[in-house]
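In: I would like to see how this sequence folds:
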Amino acid sequence: MALNLRQKQMSLIVRMLNLNQPPNPGGGISTAAGAEEVYKILIMDAFCRGILSPLIHVNDLRKHGITLFFPIDKNRQTIPDVPAIYFVRPTPENIDSIATDAVRGLYETFHLNFSSSLPRPLLETLASKTLEMEAVHRISKIYDQYLEFVTLEDSLFSLAQPKTYVQVNDPSAGDREIEEIVEKIASGLFCVLATLGVVPVIRCARGGPAEMVASALDSRIRDHLVIKNNLFSESGGLASSFQRPTLCIFDRNFELAVGIQHDWSYRPLVHDVLGMKLNRVTMPAEKSAAKSYELDDSDSFWFSNSWCPFQKVAEEIENQLSKYKQDIDEVNKRTGGKDGVEFDGTDLIGNTKHLMNAVNSLPELTERKKMIDKHTNIATVLLGEIKERSLDGYCNLEDEMLTKGSVDKSQLLSLLKGKGAKVDKLRLSITYLLSLETTPQSEVEAIEAALRESEVDTRAFQYVKKIKSLNASLAASASSASRSNIVDWAEKLYGQSISAVTAGMKNLLSGGRQLALTRTVEALMEGKPNPEVDSYLVFDPRAPRSGSGSQLRGPFKEAIVFMIGGGNYVEYRSLMELAQRSQPVKHVIYGTTEVLNGVEFVEQLTELGQKMGLGSSGVGPSHWCPFQKVAEEIENQLSKYKQDIDEVNKRTGGKDGVEFDGTDLIGNTKHLMNAVNSLPELTERKKMIDKHTNIATVLLGEIKERSLDGYCNLEDEMLTKGSVDKSQLLSLLKGKGAKVDKLRLSITYLLSLETTPQSEVEAIEAALRESEVDTRAFQYVKKIKSLNASLAASASSASRSNIVDWAEKLYGQSISAVTAGMKNLLSGGRQLALTRTVEALMEGKPNPEVDSYLVFDPRAPRSGSGSQLRGPFKEAIVFMIGGGNYVEYRSLMELAQRSQPVKHVIYGTTEVLNGVEFVEQLTELGQKMGLGSSGVGPSQ
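Out: Residues are numbered from 1 along each chain as shown. Just a heads-up that it's a prediction; the model follows:
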């Protein structure tokens, strides 16, 4: 008999709703004696409500005697003389709520049903709390239901365990975290098998999460089979061993592409575009409140057409509508109604011979109309998204890449630069990586550039790229002695879950359009020698632990296929097609930790990329752009805003080119609600554009007034080349510019040139005095530079101590602070000395620039050298005493982003200073040392 998980779970839930008694044959709910009907209250947590949602509706609950249902985490009123059924997970929070409810006496009796096995510590907690408050008598029964999974269809289930892919591949996950995840998955699978009442033969690939889950599940089933009256008693015995199913466990890395690609079938489209959850889809709200539709086997149209290509579905909707209109016309003719007028129950006049037939057909016609309207609405929204995002183009190109293993580069780049949501472009790019065995570097760089141009977050792309590169390295070294070194490196890079990342990666590249999963399941069910599956492990919980289990390798008529890390409707369809085309027909159940669409799976890849420090968020830091680029971007944003306003006005019948201000909504009302909904976003964009337009206008005025572009260019040239055009320098000092601009340019001159001729320095000082500039900051830097030169010249001479003594007297106690690190006083090229030094310190390699740097490790013994903790480091906190600035901050962020893998750097300082503020501090020091002049002439 074929396994029917939905039917099995439903029968157990109905039994639970009947206080764990067999249901009344008449369909009602009765007491054990069958004397009277019992009405009950149902209390659930959010997870268990998700279990019931695809199986039983509110009306069905009433049929089973449930008059009210409440969430366990909400305040509830006392309802005396009524039994309460609790269906919750066995968690400490739920146990506390149950105990509190019992103590308060909310209900007459408590029938406790836990979705999985209740651990003994929680049972003891419940007992102690209810005994202490003399409420234990209210607890009628406690049941372990083993129903901790969601059955979406007869052959489709989910453990509803979110983000499992991230958890098992997290580079920072430790052994304990991985073991907890594996145990949780094994517990969910145990519930599925207990509900079916079968002990399968478990098959999986070696290594990775699949083997870990298979081993844990095997141990759990073995331990349970020791119990005399166990959950699998009915399936015991020698005869049943020949009818047992196989459980094939895989993890998502076995075949990545299928979780990312777009699909053209109706069901995957609805799941992908509209985010179907628990067989329910909520339509985007427009004119009225959002509508929610059930999509399951009770919907005949969905049952018949959900796997059809979208264009076939659209045609079928037209056919159904045409047939409905014909039937309505026929009813109207037979009852004397008007031709072509829809039957609404008010036009039943004339010929009474067929009146009763028409009345009897009315409910069926009404239901058909509801069904047609539902799918018309869904298809209309899908069609809008397809046109807006060019989803047909993405589907076709991805299918072509996965089938042929090649790509038309111009077509690929055209899509990436054209229509489509950011996530569509990202999914296409990742599919490119996974479908081609070799990806030329030039093509990859062109794709990355197109993604950056569209401001796409590339962390998921970089993650897959890194994994593919690692897989290639492992494959190349499969038979070489260097394999262990590569694996060691990979362990350090990816953390504890490297086995999860690389296990089964031979299927990373899709070989043709038959899914690797389907091909492998078919081979495992056949049980014949096959090089693709010969290495797969066998776990048979009914066999002795020492047995090889080879006699139970197949063939199998039934299989349960389970995907760790997220499944999808594309794989489900492929497995159902395998079952149907087999002779004789096989039965396959597909399950997964969670059902994900392409967008949701890419989000998990992005999170892993972020954890590994790969790629970028895709948001260009416009605040680091040169000013002229910022001005251009403001123009672009304003132009796009005006185009969007014009489009809104056109769609709502407003005047072209008139800004949308909420008063010009006349004429065509079809798109009125869309326009209203877009108004807040347009208003915020306009505020943002106005804000930056005002800022840029003020900046532009200052740039023109003070010739700031000239100062920037000359300072950059001096710092880069280490030389200066003297005439250009003096021209700026004698021309436009604030006094502080001229002072900062002059100090930059001192710091950028290794030697500064006395004549040039005097000419600069004269130009500063001519502009009445306070030169004390200039004289302070000049004095420090001179002292540094003296110290450098006497570095190996006996006179060094005399110079230092003299400097101490001149500068006071802070001479060490003044001279330490003065080798960086002169900028060596445009890479900041700070950035260069931080990079060397993070690398942790021998480097003369940082070898003398001290190491303080608070965790190490005071006597230890600490040399073992010199790096490398993935993260750094850089702190600047005496004032930092945004130039250093930008330089450090660029260092972090260009590193491979990306590093993380935090920059801190005693205070953030701009150039004017820092020069004020230099001036104060010059004043304290009695250097220079204030620049103010002697008015007396």
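
In: Without its sequence neighbours, what residue ends up closest to residue 7?
Out: Once flanking residues are discounted, residue 7 sits nearest to residue 154: 7.1 Å by C-beta to C-beta, 6 or more residues apart in numbering. For the C-beta atoms, the positions are set from N, CA and C on the backbone; glycine is no exception.

In: now residue 97
Out: Leaving aside its sequence neighbours, residue 97 sits nearest to residue 72 (C-beta to C-beta, 6+ apart; 5.2 Å).

In: Ok, residue 835 next?
Out: The shortest distance from residue 835 to any residue other than its chain neighbours is 4.5 Å, reached at residue 891 (C-beta to C-beta, 6+ apart).

In: can you check residue 767 too?
Out: Using C-beta to C-beta, 6+ apart, the closest residue to residue 767 is residue 733 (4.0 Å).

In: How much space separates the residue lying closest to residue 418 once chain neighbours are set aside from residue 170?
Out: Spatial nearest neighbour of residue 418, excluding adjacent residues (C-beta to C-beta, 6+ apart): residue 390 at 6.7 Å. As judged by C-beta to C-beta, to the nearest Å, residue 390 and residue 170 stand 34 Å apart.

In: Looking at these two now, which is surrounded by more residues?
Out: Neighbours per residue, other C-beta atoms under 10 Å: of residue 390 and residue 170, the larger number sits with residue 170, 22 against 17.

In: dump the residue contacts of residue 522.
Out: Contacts for residue 522 were tallied using C-beta atoms under 8 Å, 6 or more residues apart in numbering; they are 578, 582.

In: name the element it belongs to?
Out: Here residue 522 sits within helix 516-526, counting by DSSP states H and E.

In: Tell me the helix or strand right after that helix.
Out: That would be, after helix 516-526 and using DSSP H and E, strand 537-539.

In: List the contacts of that following strand.
Out: With C-beta under 8 Å, 6+ apart as the test, strand 537-539 has contacts from 201-206, 211, 214-215, 217-218, 548-550, 552-553.

In: mind checking the SS state of residue 41?
Out: Three-state call for residue 41 (DSSP: H, G, I helix; E, B strand; the rest coil): strand.

In: circling back: which SS state does the residue nearest to residue 767 fall under?
Out: Residue 733 is classified as helix under three-state DSSP.

In: From here on, call the first residue 430.
Out: Taking 430 as the first residue, the last one we looked at is residue 1162.

In: how many other residues sit next to it?
Out: Per other C-beta under 10 Å, the neighbour tally for residue 1162 reads 22.

In: Hmm, residue 1189 and it touching each other?
Out: No - the pair residue 1162 / residue 1189 is not scored as a contact, 11.5 Å apart, by C-beta atoms under 8 Å.

In: quick one, what contacts residue 1352?
Out: Residue 1352 is in contact with 1203, 1205-1206, 1209, counting by C-beta under 8 Å, 6+ apart.

In: Tell me the most packed of those, by neighbour count.
Out: Most neighbours among those, by other C-beta under 10 Å: residue 1206, with 26 neighbours.

In: Confirm it sits in a strand?
Out: No - read with three-state DSSP, residue 1206 is helix and lies in no strand.

In: For residue 1357, see how far away it is.
Out: Taken as C-beta to C-beta, the span from residue 1206 to residue 1357 is 12 Å.

In: One more: residue 736?
Out: Residue 736 is 83 Å from residue 1357, by C-beta to C-beta.

In: Look at these two and report which has more neighbours.
Out: residue 736 (17 against 12).

In: which intervals of the stretch 530-679 of the chain have sub-threshold pLDDT?
Out: Scanning the stretch 530-679 of the chain for pLDDT under 70 picks out the ranges 663-671.

In: now the helices for it?
Out: Secondary structure of the stretch 530-679 of the chain (DSSP state H, counting those that start in this stretch): helices at 549-561, 593-598, 604-625, 637-654.

In: Nearest to residue 848, out of those helices?
Out: Among the helices of the stretch 530-679 of the chain, helix 593-598 comes nearest to residue 848, with 29.0 Å by C-beta to C-beta.

In: For the closest one, list the C-alpha coordinates in CSV.
Out: In CSV, the C-alpha atoms belonging to helix 593-598 read as follows (Å, rounded to 0.1, in the frame of the first residue of the first chain):
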residue,chain,number,x,y,z
THR,A,593,19.1,25.3,8.3
TYR,A,594,21.4,25.9,5.3
VAL,A,595,23.1,28.8,7.0
GLN,A,596,23.4,26.8,10.3
VAL,A,597,25.1,23.8,8.8
ASN,A,598,27.4,25.8,6.6
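
In: for the stretch 780-929 of the chain, what spans make up the helices?
Out: 784-818, 820-833, 838-846, 851-864, 870-882, 888-905, 912-923, 927-931.

In: elements contacting the longest one?
Out: On a contact count with 3 or more C-beta pairs under 8 Å, 6 or more residues apart in numbering; DSSP states H and E, helix 784-818 meets helix 695-703, strand 721-723, helix 729-734, helix 739-763.

In: starting at the chain centroid, how far to it?
Out: Centroid separation for helix 784-818 versus its chain: 35 Å, with C-alpha atoms, centre = their mean, to the nearest Å.

In: Between all of the contacts of strand 966-968, which two are separated the most?
Out: Farthest apart among the contacts of strand 966-968 - using C-beta to C-beta - are 646 and 979, which lie 19.8 Å from each other.

In: Comparing the two, which residue is more hemmed in?
Out: residue 646 (27 against 9).

In: Isn't the more buried one up against residue 617?
Out: No - using C-beta under 8 Å, residue 646 makes no contact with residue 617, being 9.7 Å away.

In: mind showing which ranges of the stretch 1080-1229 of the chain have poor pLDDT?
Out: Checking the stretch 1080-1229 of the chain against pLDDT under 70 turns up 1080-1106, 1221-1229.

In: what about the nearest residue to residue 688 once chain neighbours are set aside, helix or strand, and which?
Out: Closest residue to residue 688 apart from its sequence neighbours, by C-beta to C-beta, 6+ apart: residue 1030 at 4.5 Å. Secondary structure assignment for residue 1030, by DSSP H and E: helix 1027-1040.

In: What strand or helix carries residue 1062?
Out: Using DSSP H and E, residue 1062 sits in helix 1056-1080.

In: follow-up on the earlier one: can you state the direction angle for the helix holding residue 1030 and helix 695-703?
Out: 50 degrees (axes from the mean of the first three to the mean of the last three C-alpha atoms, to 10 degrees).

In: Give me the most central residue, the protein.
Out: Compute the mean C-alpha point of the chain, and by C-alpha atoms, centre = their mean the closest residue is residue 1032, 2.4 Å away.

In: distance of that one from residue 485?
Out: 31 Å.

In: cool, residue 552 as well?
Out: In this view, residue 552 and residue 485 are 28 Å apart by C-beta to C-beta.

In: Give me the more crowded residue out of those two.
Out: More neighbours surround residue 485 than the other of residue 552 and residue 485, with 17 against 14 (other C-beta under 10 Å).

In: ok, now which ones touch the more buried one?
Out: 439, 442, 493.
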